[in-house]
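Engineer: coords please:
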Amino acid sequence: MAIASRQLTSQQRLDQDRFRGRLAPLPSIHRALGHIHLGLMHLLVAIALSIFFSALWIMVLPEVCVLWRWLFAVGLHFLHLDARLEIVAWHWGFVQLAIPCLRVTPLIPGFQIWLWNCLIVTGLFAATYILPEQLIPIAYLSRAILLIHATACVYFAVLPLKFPHTPDSYLQGLMVSSIVLITFVPLLYGLVYYIFDFGAWRKALLTALTLAYLALFVPFQVLFQALLLQKTVLYMPVLYIVFSMPADGLIIIAFYSWGMTWKFRERRL
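Structural biologist: Below you'll find the predicted structure:
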């Protein structure tokens, strides 16, 4: 009986080692899971914060568009951009906006620009293999971005006149999609952040900081991309796939991750 018991214990230990790895510690519950509160009051606070910040953003959005128009005008003056500033009327339900947009002349890459991009992409891709092991994540990310730009170089070498997109439509779409994304940030936080017991003021602070940062980031993002697109549309694929909405999403994830490091509210006895 004792032998059978020891064999059973050994078998259980072996099963655990197979499941978690021989040297890995036993899995534990993440500290945040112990601070999820789905009581009626917490749900009401989450709903109230989501509605308040969504409504606030929609109310101040016309003034934000005015700020963006001023920043674009300053950028066109100091950056010497070969672009035009135009206002696009946009309707979304009862919301009517005058969205500032930059108009850039589409330029197919010439042979010299295309060749330099090919050489730079090849050189940088080769350089990723000499990075130290500590920078392997950066090396893989860099290779992915360089491969995207490499496919654009191949495309413009084969079908340069068949490229269906223009900087005007791309930059206008970036403005509209950024507005929509920022509008849904409070709802997103309501689903994945407000459920934790950080206290109402911390939740409100994180939401306000995220909205304010994105509202200031968008015009600089558009100006930076217009600077590249005025040279050639060769950069549009990598800008669209990596540095448009994915960049905005990473900013939201960064703020959310920062907010999750804050101290939870102490539970009252």
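
Engineer: so for the lengthiest helix in the chain, what's the average pLDDT?
Structural biologist: Longest helix in the chain by number of residues, with DSSP state H as the criterion: helix 40-79. Helix 40-79 comes out with an average pLDDT of 91.

Engineer: For burial, what's the neighbour tally of Thr232?
Structural biologist: 18 (other CB atoms under 10 Å). Where C-beta positions appear, they are placed from N, C-alpha and C, glycine not excepted.

Engineer: begin at 24 from here
Structural biologist: Renumbered: residue one is now 24, and that last one reads Thr255.

Engineer: And for it, nearest residue in space, chain neighbours not counted?
Structural biologist: Among residues not flanking Thr255 along the chain, Pro132 sits closest, at 4.1 Å (CB to CB, 6 or more residues apart in numbering).

Engineer: In what element of secondary structure is the residue nearest to Pro183 when sequence neighbours are not counted found?
Structural biologist: Closest residue in space to Pro183, ignoring its immediate chain neighbours: Ile131 at 5.1 Å, by CB to CB, 6+ apart. For Ile131, there is no enclosing helix or strand under DSSP states H and E.

Engineer: Ile131 contacts Lys254, correct?
Structural biologist: No - when contacts are counted by CB atoms under 8 Å, Ile131 is not listed as touching Lys254 (11.2 Å).

Engineer: Tell me how far the longest helix of the chain lies from the chain's centre.
Structural biologist: A distance of 17 Å separates the centroid of the chain from that of helix 63-102, by CA atoms, centre = their mean, to the nearest Å.

Engineer: same question, stretch 194-201
Structural biologist: 14 Å.

Engineer: Using PDB, write out every CA atom in it.
Structural biologist: The C-alpha atoms that make up stretch 194-201 are tabulated as PDB, following Å, rounded to 0.1, in the frame of the first residue of the first chain:
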ATOM      1  CA  LEU A 194      -4.200  60.700 -44.800                       C
ATOM      2  CA  GLN A 195      -7.900  61.500 -44.800                       C
ATOM      3  CA  GLY A 196      -8.700  57.900 -43.800                       C
ATOM      4  CA  LEU A 197      -6.000  58.100 -41.100                       C
ATOM      5  CA  MET A 198      -7.700  61.200 -39.600                       C
ATOM      6  CA  VAL A 199     -11.200  59.700 -39.600                       C
ATOM      7  CA  SER A 200     -10.000  56.300 -38.200                       C
ATOM      8  CA  SER A 201      -8.100  58.000 -35.500                       C
END
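
Engineer: Averaged pLDDT, it. What do you get?
Structural biologist: Rounded mean pLDDT across stretch 194-201 is 94.

Engineer: So which bits of that stretch are buried?
Structural biologist: 194-195, 197-199, 201 (16 or more other CB atoms under 10 Å).

Engineer: For the helix or strand harbouring Gln195, name the packing helices and strands.
Structural biologist: Per DSSP H and E, Gln195 falls inside helix 190-206. On a contact count with 3 or more CB pairs under 8 Å, 6 or more residues apart in numbering; DSSP states H and E, helix 190-206 meets helix 63-102, strand 118-127, helix 223-252, helix 259-265, helix 268-283.

Engineer: repeat that with 6 Å
Structural biologist: If you count contacts as 3 or more CB pairs under 6 Å, 6 or more residues apart in numbering; DSSP states H and E, helix 190-206 packs onto strand 118-127, helix 223-252.

Engineer: so the longest one versus helix 190-206, what angle?
Structural biologist: What that stands for is helix 223-252. Relative orientation of helix 223-252 versus helix 190-206 (axes from the mean of the first three to the mean of the last three CA atoms, to 10 degrees): 170 degrees.

Engineer: where in the chain is pLDDT low?
Structural biologist: 24-63, 288-292 (pLDDT under 70).

Engineer: Which residue, other than its chain neighbours, is closest to His114?
Structural biologist: Leu120 (7.8 Å).

Engineer: Roughly how far does the one you found sit from Gly146?
Structural biologist: 44 Å (CB to CB, to the nearest Å).
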